[in-house]
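Visitor: curious how this folds, go ahead:
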Amino acid sequence: MFMKRFSLIAALFLAGQSFAWAQTTSPKMPVDEITQLITYTDVVEEKGLNKDTLYNRAHRWFKTFYKNPVDAIKKADPEARTIDGGYRFQIQKPDPTAKKQPAPMVNAGLVNYKITVMCKDGRFKYEIKNINWQQASVYPIEKWMDAKAPGYDPAFAGYLKQVDDYMKDLIQSLERAIETEPLKKKEDW
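Guide: I've put the predicted structure just below:
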């Protein structure tokens, strides 16, 4: 009798923990008014810095932020002071087969995105768009926002939070790298 009650209580606890993670509220995502797609974009003022300096700093950021910058940079145009790139990152979910709680996180797939950085005297603009979940065909993450859609999974709210956190960290890293003069190595004679 005790074991049956204990098993029932444990099962309810585990279900509650999984449900709690899945019920994470979706963050407010920046949706482009025209395309209706999630798009992170801004123009950042950098007074006193010319377009060449801004472009060089953005290019240096791509080379340090990404593990494989050759793969991340799709096109770098020094004359137009524009860098087009694209990359991916992994999202996670609680292991549905886990017996202990909180459940360890497991791979839920890859999220791909496109990033563009454009530089002009005194300012630069970034755009992060075409964000999609890597599947057999393109699966825009905007589908994760519709809780009434067929096939909706409550875990999508957690995925959106992971995407939003990743993008905010990326943007913060980019802005810091562009506004900060690179450290010069000391020559040791």
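Visitor: span of stretch 90-100 from start to end?
Guide: Taking CA to CA, to the nearest Å, stretch 90-100 runs 23 Å from one end to the other.
Visitor: what is the rounded mean pLDDT of it?
Guide: Average pLDDT, stretch 90-100: 91.
Visitor: just checking: what are the partner strands of the strand ranked longest in the chain?
Guide: Taking DSSP state E as the criterion, the chain has its longest strand at strand 105-120. Its sheet considered, strand 105-120 pairs with strand 82-94 (antiparallel), strand 123-133 (antiparallel) by DSSP bridges.
Visitor: and those strands: which comes nearest residue 139?
Guide: strand 123-133 (4.3 Å; CB to CB). No exception for glycine: its C-beta is placed from N, CA and C like everyone else's.
Visitor: so which bits of that closest one are buried?
Guide: Applying a neighbour-count criterion of 16 or more other CB atoms under 10 Å, one finds 124, 126, 127, 128, 129, 130, 131, 132, 133 buried in strand 123-133.
Visitor: stretch 39-56 now?
Guide: Neighbour count says stretch 39-56 has 39, 40, 44, 46, 49, 51, 54, 55, 56 buried, by 16+ other CB under 10 Å.
Visitor: check the secondary structure at residue 174 for me.
Guide: Classification of residue 174 by DSSP: H, G, I helix; E, B strand; the rest coil places it in helix.
Visitor: please report how far it lies from residue 130.
Guide: Per CB to CB, to the nearest Å, residue 174 is found 17 Å from residue 130.
Visitor: please apply the same query to residue 139.
Guide: The separation that residue 139 has from residue 130, given CB to CB, amounts to 12 Å.
Visitor: one more: residue 63?
Guide: According to CB to CB, residue 63 stands 22 Å off from residue 130.
Visitor: low-confidence regions, the chain specifically.
Guide: Applying pLDDT under 70 to the chain flags residues 1-24, 183-189.
Visitor: quick one: the strands in it, in order.
Guide: 40-45, 73-77, 82-94, 105-120, 123-133, 139-140.
Visitor: kindly export stretch 148-164 (C-alpha atoms) in CSV.
Guide: Below are the C-alpha coordinates for stretch 148-164, written out as CSV (Å, rounded to 0.1, in the frame of the first residue of the first chain):
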residue,chain,number,x,y,z
LYS,A,148,-3.8,27.0,-30.7
ALA,A,149,-2.1,25.5,-33.7
PRO,A,150,-2.4,21.7,-34.3
GLY,A,151,0.8,20.0,-33.2
TYR,A,152,1.5,22.7,-30.6
ASP,A,153,3.8,21.5,-27.9
PRO,A,154,3.9,23.3,-24.5
ALA,A,155,7.8,23.0,-24.7
PHE,A,156,7.7,25.6,-27.5
ALA,A,157,7.5,28.4,-24.9
GLY,A,158,10.8,27.2,-23.4
TYR,A,159,12.4,27.0,-26.8
LEU,A,160,11.3,30.6,-27.5
LYS,A,161,12.9,31.7,-24.2
GLN,A,162,16.2,30.0,-25.2
VAL,A,163,16.1,31.7,-28.6
ASP,A,164,15.4,35.1,-27.0
